[in-house]
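Participant: need the 3D shape of this:
(one chain, ligands or ions: 1)
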Amino acid sequence: MSSEAPAVVVVGATGYVGSRLTRWFLDRGWAVLACGRDAAALARLEEAGAQVVDVRAFDDRSSGQPERAMRELTAQHTLHGVVASVGGWWIGDRLEDLSRDVWDGFLESHLTSHLTSVQHLVPHLPPGAGYVVLNGAASHVPMAGSGPVSVTGAALHMLVEVLRAESTGVRFREVVVERAIAGDDRNRDPEAEVALDAVAEAVRDALDDGPDVRRVDVG
Ligand SMILES: NC(=O)c1ccc[n+]([C@@H]2O[C@H](COP(=O)([O-])OP(=O)(O)OC[C@H]3O[C@@H](n4cnc5c(N)ncnc54)[C@H](OP(=O)(O)O)[C@@H]3O)[C@@H](O)[C@H]2O)c1
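Facilitator: Numbering: from 1, shown residues only. Model prediction:
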């Protein structure tokens, strides 16, 4: 039987934003199923109180691991939904000079990984749950030198739109972070920053916002 304690699934929980979102929810009494690949980072999140699952198990349909973890979570908590914080920033070659390997890698990490997560997690969500996808300014501003991030970000936006159009219950929406997140030293000389707390609050609200919400901008 579900308790009143809220729960959320964080995909990309080992990344800069995902790990901080995981801890932000844990600090506020939420149960978190943290999904990622980095074993050491997953172990640290487990120590902090999260349940963890290696997302590579998503590719092995026979493992049943994500399904089991979702069942356990929903048996003990009220699951509000999923936050997908997958794919990060990159600066490199212009698109004209980009190698095929790098391009294919971006399609996998910034786009296909989202579809895989949706296909494995959504069937286990309760009716009306939220599915929040984090995206960045590059998804709607063409960023020279970060072409693969811009192109996959724009495609991710449409992925969420189509998922919403096809959805039979889950509320798909994007939280678009328009600025560098404060404290992320990988952003070189950001013009402006947004606090992680503001992003986390937007994500939490987006999990439960009504069906008309499609996109929330932060920063
Ligand atoms: N950081 C910022 O300042 C900032 C600003 C604006 C928007 N955002 C948005 O926040 C989101 C997350 O960004 P971030 O900065 O946290 O990026 P990040 O630190 O690079 O983390 C990316 C996450 O994606 C996972 N990932 C990458 N490829 C994957 C794949 N093929 N399959 C499964 N998981 C994969 C990584 O897993 P591993 O750890 O296993 O590699 C990691 O957990 C993005 O949507 C980004 O646009 C971030």
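Participant: tell me the pLDDT at the residue sitting nearest the centre point of the chain?
Facilitator: When C-alpha atoms, centre = their mean is applied to the chain, the residue found nearest the centroid is Ala84 (1.4 Å). Listed pLDDT for Ala84 reads 98.
Participant: ditto for Arg71
Facilitator: pLDDT, Arg71: 89.
Participant: residues in contact with Val52?
Facilitator: Val52 sits next to Ala13, Leu33, Ala34, Cys35, Gly36, Leu42, Ala43, Leu45, Glu46 when contact means C-beta atoms under 8 Å, 6 or more residues apart in numbering. (Each C-beta comes from the backbone N, C-alpha and C, glycine too.)
Participant: follow-up on the earlier one: my read is that the residue nearest to the centre of the chain contacts Asn135, right?
Facilitator: No. With contact defined as C-beta atoms under 8 Å, Ala84 does not count as touching Asn135 (9.5 Å).
Participant: can you list the buried residues in the longest helix along the chain?
Facilitator: The longest helix of the chain (DSSP state H) is helix 147-166. Residues 147-154, 156-157, 159-160, 163-164 are the ones in helix 147-166 that count as buried (16 or more other C-beta atoms under 10 Å).
Participant: Val118: which of the residues you listed is nearest?
Facilitator: Nearest to Val118 among the buried residues of helix 147-166 is Leu163, at 6.4 Å by C-beta to C-beta.
Participant: quick check: closest non-adjacent residue to the closest one.
Facilitator: Once flanking residues are discounted, Leu163 sits nearest to Phe172: 4.5 Å by C-beta to C-beta, 6 or more residues apart in numbering.
Participant: for the record, mean pLDDT for stretch 96-103?
Facilitator: In the prediction, stretch 96-103 has an average pLDDT of 98.
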